[in-house]
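*Asks:* sharing a model prediction with you, sequence too.
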Amino acid sequence: MISTFKSALLCLLSLASAPSLTNAFAPTRRASFSSPTSLQGAESEVSFGDLDGSDIRIGIIRTRWNDEHVTNLVDGCLKALKECNVKEENIFETSIPGAYELPLSARFLALSGTVDAIVTAGVLIKGETMHFEYISDAVSSGLMSVQLQTQCPVVYGVLNCMNEDQVKARSSGDNNHGYDWGKTAVEMALLRNEALNVNAGAGKSPLMDLGFSKVEEKEKKASPGFF
Ligand code: RBF
């Protein structure tokens, strides 16, 4: 009994004197994340620190369903990226038909290794049938699955609304959720690069490069996306 107690004590002492963790998840406060700004947008409940996005690459995948609203959301997102100093040449944008196409497109883009985070942008509006429920559910779990499997952050930028008024209230004026999505993407890209020790400025992430983008320049045909 006493010897068990002794060894437990020794174990605790050795833990206490272990060198402090220096990896990405050590709970140290980073200068670049340390000064939260005021809340953005009437309903936004999140604040962001000063985010330095000058060295990161962001992909935006937007739907053409509900085009006008989605354009407003993307504009909000671009505003946030600009504020974080993400370079224009490091922002890639493409469109797909509807929200249901978002998970697979996000997976293709994540696996290409050309971006450090992805913002998806779409609007689902409840109609008379069950489509809304099925698409909504599939998209949210699909996008979560993509980010967990690819280790590339995928921002869930899909509004699920009962009517257009609800959409307008969340995609325009001071309450444009796209703005938060842009900031979230930069924060998550920085976290990912730190956690995986990826130097985005040096080019494509070797971890993410599974060969999709290795087409020689001369073989390249006109492509609809980023690759
Ligand atoms: N896509 C959206 O992005 N937003 C919608 O509100 C939306 N509503 C749809 C309603 C119906 C009845 C159908 C058939 C499709 C809808 N889609 C919507 C398109 C969907 O996301 C997808 O593009 C198509 O189902 C093709 O896979």
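*Replies:* Structure's in. What do you need? Bear in mind that the values here come from a model prediction, so they are computed numbers and not experimental data.

*Asks:* against which helices or strands is the longest strand along the chain packed?
*Replies:* Longest strand in the chain, counting residues (DSSP state E): strand 117-125. The contact analysis (3 or more C-beta pairs under 8 Å, 6 or more residues apart in numbering; DSSP states H and E) places strand 117-125 against strand 58-63, helix 67-83, helix 102-112, helix 131-150, strand 154-155, strand 158-161, helix 164-171, helix 177-195. Yep, even glycine has a C-beta here, placed from its N, CA and C like the rest.

*Asks:* if we use 6 Å, what do you get?
*Replies:* Contact analysis of strand 117-125 by 3 or more C-beta pairs under 6 Å, 6 or more residues apart in numbering; DSSP states H and E lists strand 58-63, helix 67-83, helix 102-112, strand 158-161, helix 177-195 as its packing neighbours.

*Asks:* can you list the weak-confidence ranges in the chain?
*Replies:* 1-43, 200-227 (pLDDT under 70).

*Asks:* residues of it that sit close to the ligand?
*Replies:* 63, 65-66, 97-101, 122-125, 127, 129, 131, 135 (C-beta under 6 Å from any ligand atom).

*Asks:* for the ligand, what's the nearest residue on the protein?
*Replies:* Per C-beta to the nearest ligand atom, residue 98 is where the chain lies closest to the ligand, at 2.3 Å.

*Asks:* which ones are touching that residue?
*Replies:* Each residue near residue 98 by C-beta atoms under 6 Å, 6 or more residues apart in numbering is listed here: 63, 65.

*Asks:* ok, it to residue 66 distance?
*Replies:* Distance, residue 98 to residue 66, using C-beta to C-beta, to the nearest Å: 9 Å.

*Asks:* circling back to that earlier point, closest one to residue 155 out of the residues of the chain next to the ligand, please.
*Replies:* Nearest to residue 155 out of these is residue 122 (C-beta to C-beta; 11.5 Å).

*Asks:* and the closest one, bridged to which residues?
*Replies:* Beta-bridge partners for residue 122, by DSSP bridges, are residue 158.

*Asks:* burial count for the closest residue to residue 199 other than its chain neighbours?
*Replies:* Leaving aside its sequence neighbours, residue 199 sits nearest to residue 193 (C-beta to C-beta, 6 or more residues apart in numbering; 7.3 Å). A count of neighbours around residue 193, defined by other C-beta atoms under 10 Å, yields 19.

*Asks:* sorry, back to before: got the CA positions of the longest strand of the chain in CSV?
*Replies:* What follows is strand 117-125 as a C-alpha-only set of coordinates in CSV (Å, rounded to 0.1, in the frame of the first residue of the first chain):
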residue,chain,number,x,y,z
ALA,A,117,-9.1,26.2,-45.2
ILE,A,118,-12.4,26.2,-47.1
VAL,A,119,-15.5,28.3,-46.7
THR,A,120,-18.6,26.8,-48.1
ALA,A,121,-21.4,29.3,-48.8
GLY,A,122,-25.0,28.3,-49.5
VAL,A,123,-28.6,28.9,-48.5
LEU,A,124,-31.3,26.3,-47.9
ILE,A,125,-34.9,27.5,-47.7
